[in-house]
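1. Return atomic coordinates for the entry below.
(one chain, ligands or ions: 1)
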Amino acid sequence: MSRCLCPGSYDPVTNGHLDIIVRAAALYDEVVVGVLHNPAKRGRFPVEQRLEFITRSLPADLPVRVEAFGGRLLVDIAKELGATAIVKGLRGGTDFAYELPMALMNRHLTGVETVFLPGDPALEHVSSSLVTEVSQYGGDVTGLVPDVVRDALVARRD
Ligand code: PNS
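-> Modelled structure (predicted):
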């Protein structure tokens, strides 16, 4: 039984995230989507809502569990779950520069490996922060995030 962990803030989930989760599910028997939050910081969306967005946006028959974790090292979560790998998507060199030290640190701490999947080039420009800003100022983010997220972003406009 192979299990991987797809960690992130998912604040909110984008179609780029979902693409990586679905592709990870083709490589491992089970995927745990870890919604990591900093208990000291208020995110854009409450953690419960972030979990709901992901759960509602994934195909029901995928071997995926969606769970929240706060205030803990990723490596400890991976160990507790019995995850053999951390899976992350890379949109380009900037992502790689951000992810590489974390992958090396995580391997230094417990030996856990990080597996990088190339992000869908059609979604290279998509990030949680950018879609939030674009929607906030009236832009249409349809096709970049699940409809449930788009509707929630529209509902939050001032
Ligand atoms: O979606 P994000 O914000 O890029 O995800 C980053 C995240 C949450 C995966 C990363 O910050 C993380 O692993 N946080 C948990 C705390 C931890 O283990 N920090 C040390 C990383 S080497």
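2. G93 and the ligand, how far apart?
-> Taking CB to the nearest ligand atom, to the nearest Å as the measure, G93 falls 16 Å from the ligand. Where C-beta positions appear, they are placed from N, C-alpha and C, glycine not excepted.
3. got it, and K41?
-> From K41 to the ligand the distance is 11 Å (CB to the nearest ligand atom).
4. and the closest residue to I77 other than its chain neighbours, which of the three is it?
-> Leaving aside its sequence neighbours, I77 sits nearest to F69 (CB to CB, 6 or more residues apart in numbering; 5.1 Å). Using DSSP: H, G, I helix; E, B strand; the rest coil, the structure places F69 in strand.
5. for V126, what are its contacts?
-> T14, N15, G16, R91, L144, V145 (CB atoms under 8 Å, 6 or more residues apart in numbering).
6. and stretch 50-57, C-alpha only, in PDB?
-> Output of stretch 50-57 as PDB, limited to C-alpha atoms (Å, rounded to 0.1, in the frame of the first residue of the first chain):
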ATOM      1  CA  ARG A  50     -10.700  25.000   2.300                       C
ATOM      2  CA  LEU A  51     -11.300  21.300   3.000                       C
ATOM      3  CA  GLU A  52     -14.900  21.500   1.700                       C
ATOM      4  CA  PHE A  53     -13.700  23.200  -1.500                       C
ATOM      5  CA  ILE A  54     -11.200  20.400  -2.200                       C
ATOM      6  CA  THR A  55     -13.600  17.500  -1.300                       C
ATOM      7  CA  ARG A  56     -16.400  18.900  -3.400                       C
ATOM      8  CA  SER A  57     -14.100  19.500  -6.400                       C
END
